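Trainee: model this:
(chains A, B, C and D)
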2 protein chains.
Amino acid sequence: MSSEGGKRKKKGVPPNAAAQPVRVRTVKEIAAIANVSVATVSRALQRPEIVSEETRRRIHEVVKRLGYTPNALARNLRTARTRLIVALVPDISNPFFSEVIRGIEQVAYETGYSVLLGETQSDLVREQAYADMVAARQADGIVTMFHRIPNIPFEGRLPVVNACEYVKDSAISSVYIDNVAAATNAVNYLVTLGHREIAFIAGPASSPICVDREQGYHLALERAGLTFNPALTAVGDFSIEAGERAIELFLSQGHPFSAVFCSNDEMAIGAMRALISRGLRVPEDVSIVGFDDIRFSRYTSPSLTTVAQPKNALGREAMTMLIELLNDPEVPPRKRVLSAELVVRGSTGPR
Amino acid sequence: MSSEGGKRKKKGVPPNAAAQPVRVRTVKEIAAIANVSVATVSRALQRPEIVSEETRRRIHEVVKRLGYTPNALARNLRTARTRLIVALVPDISNPFFSEVIRGIEQVAYETGYSVLLGETQSDLVREQAYADMVAARQADGIVTMFHRIPNIPFEGRLPVVNACEYVKDSAISSVYIDNVAAATNAVNYLVTLGHREIAFIAGPASSPICVDREQGYHLALERAGLTFNPALTAVGDFSIEAGERAIELFLSQGHPFSAVFCSNDEMAIGAMRALISRGLRVPEDVSIVGFDDIRFSRYTSPSLTTVAQPKNALGREAMTMLIELLNDPEVPPRKRVLSAELVVRGSTGPR
DNA sequence: CGATTTCATGTAATCCATTACATTGCGCTG
DNA sequence: CAGCGCAATGTAATGGATTACATGAAATCG
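Mentor: Residues are numbered from 1 along each chain as shown, chains lettered A, B, ... in the order given. Here you go, the predicted model:
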């Protein structure tokens, strides 16, 4: 039984950990090796300018040599901030959100925050799990892209902002577009092309922005003096399949229509596909307008006419508001409304 | 100067915080109100069975009434584990990854972990920032979907596994498909359809799996007795635009080709679009095969023939391996190879 | 030159929960 | 009834950093 055998437990680290590049973990050890106090080590790392040139160099050398990373848990516990924010997305596979998230991340990066993405699948339980991270002080705030504000037992202003969606009468800051106007505008465009029977594929009624889009649709019909036909409205869940099903429904009912306005691009893609597979031509027989302007809508054939949301700006603005809020919990809640723009492509044509 | 004025600082909370549902934060306060020690509160929350029925009830009542959430930082600091893992994705807007992530999340959920998503955009700096969370003890481990293993100063086995990608000769457990075989199979399918001039749109050569796909392409050509024409290979970055550019390149060089094999679906979509906009028909003039089977490839027109990766299984398996590793750092690294399957749709036809 | 700043650093309190160890009281055994 | 074991709870150490306050030395001032 000579020297160190195969499986030695890492118990009671021998106190000779001075010179060799062994694993080292705490400020204490760094301090001991660099021959200073823990306070000085901490200072050298946090505010180097208040430590003398020489000491600072020595400490940094040791830190580097031993690959020391301060324990963020301990730090965050003490300072009561994490510089982490959680972005809640109902569905990461929706390309619309991807770009909003990019916007969020850009601002986060600029201001020294990191973004953790949480996919909720619109599920309350998962939503709550992420929201609890704030209650448990593992994150400083939340940007949610869903129309439900998670419940956080928190004193004062909730460190939450809403992007893309909003909640009526809530004290939560939000950034979103004027969905009524955008939808009105899109439907109106179809009207100017001569369409009179315009179908509508709605999104879930639980979402205020979907209600707004529907309202915009009605408003445009009304203004054009067209009568609303309930048989030409279907509700979908934003999926491609929902778009297909809606078209099947319309066709099966036998009411004629020459245009379809969809509450998002994926349903529009599904609608387009269903029409084509039934032998109808887009846009010659039926025009289609989507909503969001996701990356793929440029590449469908025909390419999709759609309402382009300022996705990046929505994300940037939301994150900016959150930072503001974190820096000063007193700032009053704001609702910021950006505008959207109709992008005309190949899926729409004259009646 | 009577009672409490407008702006009172929250300093030295008056010790009358007994009955009213005020904001309360620490075990200490809960303990005081429930008339027990902090240890008992902690126990009532962690292992209720070792606390007497009555005490437990009382504590839970107080916890609930005051909306107490234990400070996770303090807990994690003490217990040295967070039950958080980070999933690193190069690009969240790539629908392929979305489904892998779903798989990861499923297993995480089943085993009591939460997943934090980090988008790296293949950027080393951002990658490192997330990796540092492990070094800083803010997360227990990492599942990366990129072919670079982040550098973590860590004693012993890195708590990292690789999903979809792998790194040659690394001691990192990985799950991925047999890309050589999958690509060979896809190209071979084109051969059996009678194609002889088959172009190839490669992915970045930095990625081993892309090299494998290219190798599979060569292998299939060789087996079929076809000569490899370097002019019919282009390198892309996985984007739709890259697919378009590749086709422009092939066409401009004037070498004829009747089929294109693409290293992912998005480049295939781009390729298809470029061909169609040049007046070529798919699949009558040119057949196209993609790779991944993302959600949209079913809905292009024509729908895309592609190699379907078992996305969910890749994610599930990767997370399972990580959990294993976290529970026992001694388990040897494994490379697990799943198999992929060619899905024939409308974008391929006989020469 | 004595007094006062300023600078660099050290000592120890603090953040909040977990948990090893200590204590108390009760029921049971021999 | 002494003695033991067990159940329930309490006391205090612990995890690793930050930072208020203290200290000593050097620089500046009148």
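
Trainee: going by C-alpha atoms from here, please, whenever you check contacts or count neighbours.
Mentor: Fine.

Trainee: and the gap between the residue most central in space within chain A and chain B?
Mentor: When CA atoms, centre = their mean is applied to chain A, the residue found nearest the centroid is A:Ile101 (4.4 Å). Separation of A:Ile101 from chain B (CA to the nearest CA, to the nearest Å): 9 Å.

Trainee: go ahead and confirm that residue touches A:Ala313.
Mentor: No - A:Ile101 sits out of contact with A:Ala313 when judged by CA atoms under 8 Å, with a separation of 10.1 Å.

Trainee: please name the nearest non-neighbouring residue to whichever residue of chain A sits closest to DNA strand D.
Mentor: Residue nearest to DNA strand D within chain A: A:Thr26 (2.7 Å; CA to the nearest atom of the strand). Among residues not flanking A:Thr26 along the chain, A:Pro70 sits closest, at 7.0 Å (CA to CA, 6 or more residues apart in numbering or on different chains).

Trainee: what residues are up against the one you found?
Mentor: By CA atoms under 8 Å, 6 or more residues apart in numbering or on different chains, A:Pro70 lies in contact with A:Arg25, A:Thr26, A:Val27, B:Ala136.

Trainee: can you pull the pLDDT of the residue nearest to the centre of chain A?
Mentor: A:Ile101 is assigned 95 on the pLDDT scale.

Trainee: what residues are up against it?
Mentor: So A:Ile101 contacts A:Ala87, A:Asn312, A:Gly315 (CA under 8 Å, 6+ apart).

Trainee: could you redo the last one with a cut-off of 6 Å?
Mentor: Each residue near A:Ile101 by CA atoms under 6 Å, 6 or more residues apart in numbering or on different chains is listed here: A:Gly315.

Trainee: and it, which of the three is it?
Mentor: Secondary structure state of A:Ile101, per DSSP: H, G, I helix; E, B strand; the rest coil, is helix.

Trainee: gap between it and B:Pro159?
Mentor: 27 Å (CA to CA, to the nearest Å).

Trainee: cool, A:Pro283 as well?
Mentor: Distance, A:Pro283 to B:Pro159, using CA to CA: 53 Å.

Trainee: ok, now A:Ile294?
Mentor: Taking CA to CA, one finds A:Ile294 at 36 Å from B:Pro159.

Trainee: again with A:Ala268
Mentor: When CA to CA is applied, the distance between A:Ala268 and B:Pro159 equals 43 Å.

Trainee: between those two, which has more neighbouring residues?
Mentor: Between A:Ala268 and B:Pro159, A:Ala268 has the larger neighbour count (other CA atoms under 10 Å in any protein chain shown), namely 32 against 23.

Trainee: can you confirm that one is in a helix?
Mentor: Yes - counting by three-state DSSP, A:Ala268 is part of a helix.

Trainee: give the contact list for it.
Mentor: A:Ala268 neighbours (CA under 6 Å, 6+ apart): A:Cys262, A:Gly290.

Trainee: how about the strands in chain A?
Mentor: A:84-89, A:114-119, A:141-144, A:160-163, A:173-177, A:198-202, A:233-235, A:259-262, A:287-292, A:305-308, A:335-338, A:341-343 (DSSP state E).

Trainee: contacts for the last one?
Mentor: Read it as strand A:341-343. Applying CA under 6 Å, 6+ apart, the contact partners of strand A:341-343 are A:Thr305, A:Thr306, A:Val307, A:Ala308.

Trainee: quote the end-to-end distance of stretch A:41-53.
Mentor: Stretch A:41-53 has an end-to-end distance of 13 Å (criterion: CA to CA).

Trainee: next: stretch A:273-285.
Mentor: 13 Å.

Trainee: over to A:Leu280: give its phi and psi.
Mentor: Dihedral pair for A:Leu280: phi -90, psi 150, per degrees, to the nearest 10.

Trainee: now it: how far from DNA strand C?
Mentor: Using CA to the nearest atom of the strand, to the nearest Å, we find A:Leu280 at a distance of 62 Å from DNA strand C.

Trainee: tell me how many other residues surround that residue.
Mentor: Counted with other CA under 10 Å, A:Leu280 comes out at 14.

Trainee: same check, this time on the one 4 residues further on
Mentor: Other residues near A:Glu284 come to 14 when the count uses other CA under 10 Å.

Trainee: just give the nearest non-adjacent residue to it, would you?
Mentor: Leaving aside its chain neighbours, A:Glu284 sits nearest to A:Gly349 (6.6 Å; criterion: CA to CA, 6+ apart).

Trainee: ok, back up a step: make a markdown table out of the contacts of strand A:341-343 and add neighbour count, pLDDT and distance to A:Ala181.
Mentor: Listed next are those as a markdown table, based on neighbours: other CA atoms under 10 Å in any protein chain shown; pLDDT from 0 to 100; distance: CA to CA, whole Å:
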| residue | neighbour count | pLDDT | distance to A:Ala181 |
| --- | --- | --- | --- |
| A:Thr305 | 26 | 98 | 17 |
| A:Thr306 | 29 | 98 | 14 |
| A:Val307 | 26 | 98 | 11 |
| A:Ala308 | 19 | 98 | 13 |
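
Trainee: how about the residues of chain A that lie near chain B?
Mentor: A:67, A:69-73, A:77, A:93, A:95, A:98, A:116-117, A:136, A:153 (CA under 6 Å from any CA of the partner chain).

Trainee: narrow the residues you listed to those in helices?
Mentor: Judged by DSSP state H, these include A:Ala72, A:Leu73, A:Leu77, A:Pro95, A:Ser98 as members of helices.

Trainee: and the two most separated of those?
Mentor: By the measure CA to CA, A:Leu77 and A:Pro95 form the most distant pair in those, at 36.1 Å.

Trainee: what about the two, which has more around it?
Mentor: Applying other CA under 10 Å to A:Leu77 and A:Pro95 shows that A:Pro95 carries more neighbours, namely 21 against 18.

Trainee: compute the first-to-last residue distance for stretch A:325-336.
Mentor: Stretch A:325-336 has its terminal residues 14 Å apart, counting by CA to CA.

Trainee: my bad, should have said stretch A:125-143
Mentor: Start and end residues of stretch A:125-143 are separated by 17 Å (CA to CA).

Trainee: now that stretch: buried residues?
Mentor: A:126-127, A:130-143 (16 or more other CA atoms under 10 Å in any protein chain shown).

Trainee: same question for stretch A:235-247.
Mentor: Neighbour-count burial for stretch A:235-247 flags A:235-247 (criterion: 16+ other CA under 10 Å).

Trainee: same thing with stretch A:190-205?
Mentor: A:Leu190, A:Val191, A:His195, A:Arg196, A:Glu197, A:Ile198, A:Ala199, A:Phe200, A:Ile201, A:Ala202, A:Gly203.

Trainee: contacts for that stretch, please.
Mentor: Applying CA under 6 Å, 6+ apart, the contact partners of stretch A:190-205 are A:210-211, A:232-237, A:257-263, A:350-351.

Trainee: show the buried residues in these.
Mentor: For the contacts of stretch A:190-205, a neighbour count by 16+ other CA under 10 Å gives the buried set as A:210-211, A:232-237, A:257-263, A:350-351.

Trainee: taking the stretch 251-351 of chain A, what residue is nearest to DNA strand C?
Mentor: For the stretch 251-351 of chain A, CA to the nearest atom of the strand, closest residue to DNA strand C: A:Leu326, 17.3 Å.

Trainee: look up how far A:Ser42 lies from A:Gln60.
Mentor: Careful, residue A:60 is His; it's not Gln. A:His60 is 11 Å from A:Ser42, where distance means CA to CA.

Trainee: with A:Val175 instead?
Mentor: Taking CA to CA, one finds A:Val175 at 39 Å from A:Ser42.

Trainee: more neighbours, those two?
Mentor: Neighbour totals were compared for A:Val175 and A:Ser42, and A:Val175 leads with 25 against 17 (other CA under 10 Å).

Trainee: okay, now the closest residue to the more buried one other than its chain neighbours: neighbour count?
Mentor: Among residues not flanking A:Val175 along the chain, A:Arg336 sits closest, at 4.6 Å (CA to CA, 6+ apart). A:Arg336 has 17 neighbours, counted by other CA under 10 Å.
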